[in-house]
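Enquirer: Sequence below, structure please.
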Amino acid sequence: KYEAIGELDHVKELIKWGVDYMLKTFNASAPNIDRIWGQVGTGGQPGATDKNDHYCWERPEDMDYQRPAYSCGQCSDLAAEMAGALAAASIVFKDDRVYSQKLVHGGEVLFDFSR
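Expert: Residues are numbered from 1 along each chain as shown. Next comes the predicted model:
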């Protein structure tokens, strides 16, 4: 359907942006991993007015306060969800064998980590 309306390349760009981001959250070229970076920024308490990601409505590029990144070593649900997304994206990019294989490898690494 997207191809019929001339939007298939655009949709693929959107998917690639998302899975490329996921590939940056772990060592996607390694045979196995021990953690995933799963969150950037913090939320605040209800009603708080300190600078945090729930209070601020700026773009991340414009935020002028610390936004810590958090990793997890036991997050099987996150890893399995990401593995599924990379596997699905590998099908979308099957015409680009190298990139598709990169996604498959990342998905396998995440799946193994999730178990």
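Enquirer: Find the helix or strand that Ser90 is a member of.
Expert: Per DSSP states H and E, Ser90 falls inside helix 76-92.
Enquirer: Report the buried residues of that helix.
Expert: The neighbour-count check on helix 76-92 (16 or more other Cβ atoms under 10 Å) flags Leu78, Ala79, Ala80, Met82, Ala83, Ala85, Leu86, Ala87, Ala89, Ser90, Val92 as buried. Using the backbone N, CA and C atoms, a C-beta is placed for each residue, glycine as well.
Enquirer: go on, stretch 104-115?
Expert: Quick answer for stretch 104-115 (16+ other Cβ under 10 Å): His105, Gly106, Gly107, Val109, Leu110, Phe111, Phe113, Ser114.
Enquirer: Quick check, the second one in contact with Ala28.
Expert: This points to Gly106. Yes: with contact defined as Cβ atoms under 8 Å, Gly106 reaches Ala28; the gap is 4.3 Å.
Enquirer: Closest one of the buried residues of stretch 104-115 to Gly73?
Expert: Phe113 (9.1 Å; Cβ to Cβ).
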